[in-house]
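1. Would you be able to build a 3D model of this:
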Amino acid sequence: MRRYVLAIDQGTTSSRAVVVDGSGLIVATAQREHRQYFPHPGWVEHDVVEIRDNVRLVVAEALAAAGLGGADIAAVGLTNQRETTVVWDRRTGEPVHRAIVWQDTRTRAAVDALAADGGTGRFQAVTGLPLATYFSATKIAWILDHVPGARADAEAGHLAFGTTDSWMLWNLTGGPAGGVHATDATNASRTLLMDLRTLEWSPALLEAFGIPAAMLPRIAASAEVYGTVAASEPLVGEVLAGVPVAGILGDQQAATFGQTVFAPGAAKNTYGTGCFMDMVTGTEPVFSANGLLTTVAYRLAGQDPVYALEGSIAEAGSLVQWLRDNLGIISTSAEVEQLAASVEDNAGVYFVPAFSGLFAPHWRPEARGAVFGLTRYATRAHLARAALEATAFQVAEVVAAAAADCSRPLTELRVDGGMAVNDALMQFQADLLGIDVVRPAVTETTALGAAFAAGLAVGHWSSLEELGRTWHEERRFVPDLDAGRRAALLRRWDSAVRRTFGWLDDA
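-> The predicted structure follows:
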């Protein structure tokens, strides 16, 4: 009997394979990091051949750890870092350039040129997105314009574009020998190329960005059978040949699904490399007047899409990594909580981590990171505390924006991701928001969401209601800060953020 679902979570810093049982519990997991490339200031790249090989390894390792084989797996679900752009040759299966990561800002000039006619909101009524370097469209165009022969090959139908879900699906289902080229509506909604209402690629947008339609994957539902694992796929095919690949969700939509945040007005926040707040709004898109993104939360096969508002924050866990790798003030990421807790407050220090500009709700690509309020009293512990608090301040900004867009305040915020295990950070988050912050018993919600989508598609789970019954609360953080102090902290944060505006323009 096939009692388990396998989720592949291809993230910004690592790839994981997670085995999930019928009650929504994690049975086994395996994880491998991949290298981050920074060839120029503001550029971020990944080697997707390394990522592909890592996915193969972690799948084999997770199944071995669980003592399972293909006969035990009902389906495979995929979740992925969104917007990160992969272009590969269908004939050989080789990428034509390293993947351009969602954090990369090399296309700022192209964005500015497009925004000169109609502003950054030029395509927002169609896509739900502002013009920004964050999204895939200008990254695709950059590859076509800078890799010799790429544009001609793309126009001839030889090149394929996808975010890493499409890259994984294509390889898992046969690669050059008949691999399935598809994505789901959640990932397509992050490209600046999809019509948010029709869930189809927009010919007008393809023309505006200069992207041949032949490159693009089919837009599918988030839960449907796309194909089966090919026997020829190294390592994976040896075990999973014939198992259906049946779920795809972008990482933040997967975390929302894994948190069983299905009802309009419910929200979650994921603390990962970046930080992402998603509030479900229902079957009609809500367009933000406050700097948030309108996106597809999920679409089940044969049903209307469900939309969400998202606040996307570029730097969260990556800021802790920066403290570790660039400054050396901690030796492991886990040490930051203890160091920050060794001081009573931030000593007036505020850290704005605009390393790649500011994302939601400001969308200021020219901003750059800064630390304010330093005195001789400040220590590395205060800097560590300011770095953690920066994440909570940024989340408070996007939660306030979502409440304003929807004209309804949140009553609680479900949280997940690596930093959600930090009790002090979660308490500070509740204090800043003035609402309960709720951590689930299973915090691996991104992988869980991909597993849930795949399991739904093959009947492993019967309904969203059944999935909702798998969710359990682990801890609730209740706000314990008076309104006056909360307002003062937020005012000082806002002052620090605004001082980073215009940094590159002023140089």
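2. hey, let's count contacts and neighbours off CA atoms from now on
-> OK.
3. Quick check: phi and psi on the nearest residue to Gly258 once chain neighbours are set aside?
-> Of all residues not flanking Gly258 in the chain, Gly449 sits nearest, at 3.7 Å (C-alpha to C-alpha, 6 or more residues apart in numbering). For Gly449, the backbone dihedrals (degrees, to the nearest 10) come out as phi -60, psi -40.
4. any idea how far Val442 is from Gly449?
-> Per C-alpha to C-alpha, to the nearest Å, Gly449 is found 11 Å from Val442.
5. neighbour-wise, which of the two wins?
-> A direct count of neighbours by other C-alpha atoms under 10 Å for Gly449 and Val442 places Gly449 higher, at 32 against 18.
6. mind listing what the more buried one touches?
-> Listed by C-alpha atoms under 8 Å, 6 or more residues apart in numbering, the contact set of Gly449 reads 249, 253-259.
7. And the helix or strand hosting Asn171, what's buried?
-> According to DSSP states H and E, Asn171 maps onto helix 164-172. Within helix 164-172, the residues that count as buried by 16 or more other C-alpha atoms under 10 Å are 164-172.
8. what does stretch 86-97 give?
-> Buried residues in stretch 86-97, counted by 16+ other C-alpha under 10 Å: 86-90, 93, 95-97.
9. what's the answer for stretch 407-422, then?
-> Counting neighbours by 16+ other C-alpha under 10 Å, stretch 407-422 gives 410, 412-417, 419-420 as buried.
10. Secondary structure class of Lys268, three-state.
-> Here Lys268 is strand, with the state taken from DSSP: H, G, I helix; E, B strand; the rest coil.
11. hang on, the earlier thing: which one of the buried residues of helix 164-172 is nearest Met215?
-> Ranked by distance to Met215 (C-alpha to C-alpha), the buried residues of helix 164-172 are led by Ser166 at 11.7 Å.
12. I'd assumed Arg218 was in contact with the closest one.
-> No - using C-alpha atoms under 8 Å as the test, Ser166 is too far from Arg218 to be in contact (9.6 Å).
13. any common contacting residues for the two?
-> Shared contacts of Ser166 and Arg218, defined by C-alpha under 8 Å, 6+ apart, are found at 181-183.
14. May I ask you to name the longest helix in this protein?
-> As assigned by DSSP state H, the longest helix anywhere in the chain is helix 380-406.
15. how far is it from where the chain is centred?
-> Distance, stretch centre to chain centre, for helix 380-406: 18 Å (C-alpha atoms, centre = their mean, to the nearest Å).
16. do the same with stretch 321-334
-> 23 Å.
17. Just the buried residues of it, please?
-> Buried, per 16+ other C-alpha under 10 Å, within stretch 321-334: 321-324, 329-330, 333.
18. and if you look at stretch 106-116?
-> 106-108, 110-111, 114-115.
19. got JSON lines for these, with pLDDT and secondary structure too?
-> Converted to JSON lines, these look like this (pLDDT from 0 to 100; DSSP: H, G, I helix; E, B strand; the rest coil):
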{"residue": "Arg106", "pLDDT": "93", "secondary structure": "coil"}
{"residue": "Thr107", "pLDDT": "95", "secondary structure": "coil"}
{"residue": "Arg108", "pLDDT": "91", "secondary structure": "helix"}
{"residue": "Ala110", "pLDDT": "94", "secondary structure": "helix"}
{"residue": "Val111", "pLDDT": "93", "secondary structure": "helix"}
{"residue": "Leu114", "pLDDT": "94", "secondary structure": "helix"}
{"residue": "Ala115", "pLDDT": "92", "secondary structure": "helix"}
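20. Give the next helix or strand downstream of the longest helix of the chain.
-> Note on helix 380-406: by DSSP H and E, the next helix or strand toward the C-terminus is strand 412-416.
21. Describe which strands that next one pairs with in its sheet and in which direction.
-> strand 267-271 (parallel), strand 436-440 (parallel) (DSSP bridges).
22. how about the helices in the stretch 101-250 of the chain?
-> Remark: helices assigned in the stretch 101-250 of the chain by DSSP state H, counting those that start in this stretch are 108-115, 124-127, 136-146, 150-155, 164-172, 185-188, 203-209, 236-240.
23. can you list contacts of the strand or helix carrying Glu50?
-> Following DSSP H and E, one finds Glu50 within helix 48-66. Helix 48-66 has contacts (C-alpha under 8 Å, 6+ apart) with 8, 10, 15-19, 27-32, 34, 69, 86, 94-95, 98-99, 168, 234-236, 239.
24. again, but for stretch 276-286
-> Contacts for stretch 276-286 (C-alpha under 8 Å, 6+ apart): 196-197, 252-253, 256, 261-270, 294-295, 297, 304-313, 395, 398-399, 402, 405-406.
25. Mind giving me the ChimeraX command for buried ones among these?
-> Of the contacts of stretch 276-286, the buried ones go into a single ChimeraX selection, burial set by 16+ other C-alpha under 10 Å:
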select :196,252,253,256,261,262,265,266,267,268,269,270,294,295,297,305,306,307,308,309,310,311,312,313,395,398,399,402,405,406
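26. before we move on, back to that, and the helices of the stretch 101-250 of the chain as TSV, adding distance to Met279?
-> Output for the helices of the stretch 101-250 of the chain, formatted as TSV (distance: least, C-alpha to C-alpha, whole Å):
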stretch	distance to Met279
helix 108-115	27
helix 124-127	17
helix 136-146	22
helix 150-155	37
helix 164-172	23
helix 185-188	14
helix 203-209	27
helix 236-240	35
